[in-house]
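Asks: everything below, folded, please.
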Amino acid sequence: MPQRSKARAASSAPGDDAAKGQIRQANESLILGAAEKVFARAGFGGATMAAIAAGSGLPKANVHYYFGSKEVLYRAVLARILSDWLAPTHGITVDADPRAALEQYIRAKMALSAQRPDGSKVYANEMLHGAPVAKTILETDLRQMVAEKAAVVQGWIDAGRMAPVDATHLFFTIWAATQTYADFDVQVCAVLGRKALTAGDHARATEHVVSLLLRGCGL
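Replies: Numbering: from 1, shown residues only. Next up is the predicted model:
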């Protein structure tokens with residue numbers, strides 16, 4: 001290869017790698033989104049790679065190329081759900097304003113229930129079956145996160161910045177109050193006389209949950 005051609009190939013390689021990385025990221029996101037929906041509706045046993053491929057708009061071969069098997073893909077879906085749920089806790093820090101930090105977290109969880117109900121249902125189904133796949137993550141990453149954030153909340157309590165509550169069980173209460181609008185949306189819709197929850201329903205529910213939990217924390 002002439003020197004000029006070699007130089008051109010070498011200079012284009014980083015750009016090619018970046019483009020390939022972006023394509024891979026985009027395809028994986030499509031597959032994970034489709035898998036979240038399929039697993040929520042069919043469960044792990046009923047889900048098929050063919051259905052996930054159809055939902056993603058990609059060939060089945062691509063799904064296998066990126067994730068290898070249904071088991072690997074299911075683990076990736078659960079990991080993404082937990083990662084997205086844990087991200088909003090980053091604002092719960094020692095120096096943060098308790099009301100602002102907890103309100104931001106509660107609103108973020110309510111938004112995820114509205115925007116990603118299938119993710120919540122996949123997670124709930126995993127819990128109902130004893131968390132065979134997610135148990136290790138629950139006992140490590142999730143347990144550590146709750147311990148760290150509960151310590152922050154306890155610090156706020158000790159400093160008189162909020163009312164005394166059980167700092168650990170506060171997180172269980174937040175999860176229960178926010179995820180019910182995804183996991184039990186059929187029940188909520190039946191009681192409200194809706195075929196599906198509207199944006200107004202979610203807004204009303206969000207204000208109620210935020211107000212109720214913050215009042216319980218004396219904020």
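
Asks: can you count the residues close to Q144?
Replies: Using other CB atoms under 10 Å, Q144 has 10 neighbouring residues. Glycine gets a C-beta too; all of them are placed from N, C-alpha and C.

Asks: which of the three states applies to A163?
Replies: Using DSSP: H, G, I helix; E, B strand; the rest coil, the secondary structure recorded for A163 is coil.

Asks: low pLDDT regions in the protein?
Replies: 1-15 (pLDDT under 70).

Asks: domain ranges for it?
Replies: 3-68, 79-216 (automatic domain parsing).

Asks: V77: helix or strand, and which one exactly?
Replies: Assigned by DSSP states H and E, V77 belongs to helix 70-86.

Asks: so which elements touch the helix or strand just after that helix?
Replies: For helix 70-86, the following helix or strand on the C-terminal side (DSSP H and E) is helix 98-115. Other elements packing on helix 98-115 under the criterion 3 or more CB pairs under 8 Å, 6 or more residues apart in numbering; DSSP states H and E are helix 70-86, helix 117-128, helix 167-183, helix 199-216.

Asks: now with 7 Å, please.
Replies: Contacts defined by 3 or more CB pairs under 7 Å, 6 or more residues apart in numbering; DSSP states H and E place helix 98-115 against helix 167-183, helix 199-216.

Asks: what residues does the first one touch?
Replies: Counting by CB atoms under 7 Å, 6 or more residues apart in numbering, helix 167-183 makes contact with 106, 109-110, 113-114, 117, 120-121, 124, 146, 149-150, 153-154, 157, 188, 197, 205, 209, 213, all of which sit outside it.

Asks: try 6 Å
Replies: Contacts to helix 167-183, defined as CB atoms under 6 Å, 6 or more residues apart in numbering, come from residues 106, 109-110, 113, 117, 120-121, 124, 146, 150, 153-154, 205, 209.
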